[in-house]
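In: mind folding the following:
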Amino acid sequence: MDNFLDKLLASVAPDLPEAIAGLHVDKKIELLAEKLNADVNGAYEWLSNATQMPFQPKFTVSQGVTSILPEKLILEYSCLPIDLGEGQKQGLVFGWPPDGNMKKWIKASSTKDFQYCLGPAADIRKFINERFGVGAGSFLDGAADGVGLVEKKEVEQEDEDAVVIKFVNELIKQALRDRATDIHFEPQKNSLQIRYRIDGALVPVSLPPNLVLFQSAIISRLKIMAKLNISEKRRPQDGRIAFRSGDTSIDIRVSTLPITHGESISLRLLNLGEAPVQLEKMGLGEKEFDQVVNAITRPHGIVLVTGPTGSGKSTMLNACIRKIEDPEIRIITVEDPVEYEIAGINQCQVQSDIGMTFASALRSILRQDPDVVMIGEIRDSETADIAIRASITGHLVLSTLHTNDAAGAVSRLCDMGLEPFLLASSLQLVIAQRLVRRICPHCATKANYTPEQLDYALRALRVHNHKDELQFLDKIMVGKGCDKCKNGFKGRLAVHEILVISDKIQQCIIKNAPAREIRRIAISEGMRTLQECAWDHVKKGETTLDEVMQFADKNNMDDEES
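Out: Numbers count the residues shown, from 1 in each chain. Down below sits the predicted model:
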């Protein structure tokens, strides 16, 4: 089969057999599809015709898979016993045609007369991960990337370091396939819990049962990759990992924290190959987009982005920077850490251990003749004071703040000790932002809400003219859940509240009026609240009503009907 298949592959492209050697199955299929100028299914159809192995785009896994074929072979060869129908042979599906040695060991390990088939590698891997745990193949005795069963000889058990390296690499690769933004390693009393954060929600990772035996080694491996001190287990540490998977380069931020049963490690995954987010793609309405552009193209003033951790504030700031980037404008940033590198921008990273804080870095930056200054976060009164004074001396300042809504930013800055009259003259715009999960387009279906349920939701969201909005009952969608998503959601979208500092609001700030009063005036002047923006996304079928009900917290809202 090997020589025969190589000749067939060479007929497509002379260098194809050599190019796919050693590649992961998914990459082999992608490369073959590219050479054939076809999609993945087209590549499998070509393989099926070439090898006379039936292609099963959809398959049903047989009951008791390990009684049909040993678990060791299933994990090492990434194959699954499948049902082909009554009266048919026992099926065995592969993501790539098996070689002669694989067939030999399968025949020696089972009494079944198999019908070899081809099937989507991603579906095979998904079932194996769910059934045996992510990276389970790493913990096989004597199995190392296809070595051990290929040759008919006894192979010693893999060295623990090699096992752990393989497992950690597979865990990160699976996180990338699942579109995870974070991986959390959380030692428990008698186990190691690992969870991915996907679209803002934590998802437990199915793991091999014997993982606890390698718990300490896994933690040490991660610290070595991040160039941290593996002997220091009493203090938190921070580091970075440059990880590469195929053509994808990932920058991983690593944070360790001593806890009761060991060290908790969190990985933040930053895909360096992703196209930078443009301001036009941030989900702003036409009116809100014009308001933001008007504020960030002014020669001076402060523009703030507010929201909790993980609400996309840094992404919004970077989108704003890219919008105004120009060879005639000198832009300097101070961040903790620098997450996205922007060509042509001077980016500075905070290093608190040597006394380089936001405030100290900002003082030096102002002596560098900048036109625009971006501060990763205003955390203290000193930073806030310098930022305000920079804005009134001819600099545009962009920064973030942790508040629940846009109006709350004014109160927070005043609480930091800023003079209201200085704040009123310098603050130009506040963007409050949240992220909601986007409905998967592949399994979106109409939601079954009653008019009474929708009326209650609209009242809770404080949507104006909520009775008129009942006409959109048929537009509300929900994701059923499918092979292409997690729980009916795929990706996230931003929800915004834009507070423009008008003359009336300036007077409120000078009088040190409460956030409730500022919010009320802003709404009367046309500000669309987070709740109303979220409802607009529901009307468009982009997110679910349940997802946006998180904005119905009455403690963080004005009672606009009173």
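In: all contacts plus neighbour counts: C-alpha atoms, from now on.
Out: Noted.
In: ok, the most centrally placed residue in the chain - contacts?
Out: Residue closest to the mean C-alpha point of the chain, counted by Cα atoms, centre = their mean, is residue 181 at 3.1 Å. Going by Cα atoms under 8 Å, 6 or more residues apart in numbering, residue 181 touches 175, 196-199, 268-270.
In: out of those, which is nearest to residue 523?
Out: residue 199 (30.2 Å; Cα to Cα).
In: quick one on the thing from earlier: export the contacts of residue 181 as a markdown table, with columns for pLDDT and distance to residue 359.
Out: Output for the contacts of residue 181, formatted as a markdown table (pLDDT from 0 to 100; distance: Cα to Cα, whole Å):
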| residue | pLDDT | distance to residue 359 |
| --- | --- | --- |
| 175 | 90 | 36 |
| 196 | 94 | 34 |
| 197 | 92 | 32 |
| 198 | 90 | 34 |
| 199 | 88 | 33 |
| 268 | 92 | 26 |
| 269 | 91 | 28 |
| 270 | 85 | 27 |
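In: mind putting these into a markdown table with neighbour count, distance to residue 426 and secondary structure?
Out: Below are the contacts of residue 181 laid out as a markdown table (neighbours: other Cα atoms under 10 Å; distance: Cα to Cα, whole Å; DSSP: H, G, I helix; E, B strand; the rest coil):
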| residue | neighbour count | distance to residue 426 | secondary structure |
| --- | --- | --- | --- |
| 175 | 21 | 43 | helix |
| 196 | 25 | 41 | strand |
| 197 | 18 | 38 | strand |
| 198 | 21 | 38 | strand |
| 199 | 22 | 36 | coil |
| 268 | 19 | 34 | strand |
| 269 | 21 | 36 | strand |
| 270 | 20 | 34 | strand |
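In: measure residue 514 to residue 505 for me?
Out: 11 Å (Cα to Cα, to the nearest Å).
In: and the two? Which one has more around it.
Out: Neighbours of residue 514 and residue 505, each counted by other Cα atoms under 10 Å, are more numerous for residue 505; the result is 22 against 14.
In: any idea which helix or strand carries the more buried one?
Out: Using DSSP states H and E, residue 505 sits within helix 503-510.
In: what's the first helix or strand after that helix?
Out: The helix or strand immediately downstream of helix 503-510 is helix 515-524, counting by DSSP H and E.
In: got the angle for that next one vs helix 503-510?
Out: Put simply, helix 515-524 runs at 180 degrees to helix 503-510, going by axes from the mean of the first three to the mean of the last three Cα atoms, to 10 degrees.
In: and the contacts of helix 515-524?
Out: In contact with helix 515-524 (Cα under 8 Å, 6+ apart) are residues 406-408, 410-411, 499-500, 504-505, 508-509, 529, 558, 560.
In: what do you get for stretch 185-196?
Out: Contacts of stretch 185-196 (Cα under 8 Å, 6+ apart): 175, 180-184, 202-205, 211-212, 215, 261-266.
In: return the members of the residues you listed classed as buried.
Out: When the contacts of stretch 185-196 are checked for burial by 16 or more other Cα atoms under 10 Å, the buried set is 175, 180-184, 205, 211-212, 215, 262-266.
In: does anything pack onto the helix or strand where residue 333 lies? Which helices or strands?
Out: Following DSSP H and E, the helix or strand that holds residue 333 is strand 331-335. Here strand 331-335 touches strand 346-349, helix 358-366, strand 372-375, going by 3 or more Cα pairs under 8 Å, 6 or more residues apart in numbering; DSSP states H and E.
In: just name the most buried of those.
Out: strand 372-375 (a mean of 26; mean count of other Cα atoms under 10 Å).
In: parallel or antiparallel, list what pairs with that strand.
Out: strand 331-335 (parallel), strand 396-401 (parallel) (DSSP bridges).
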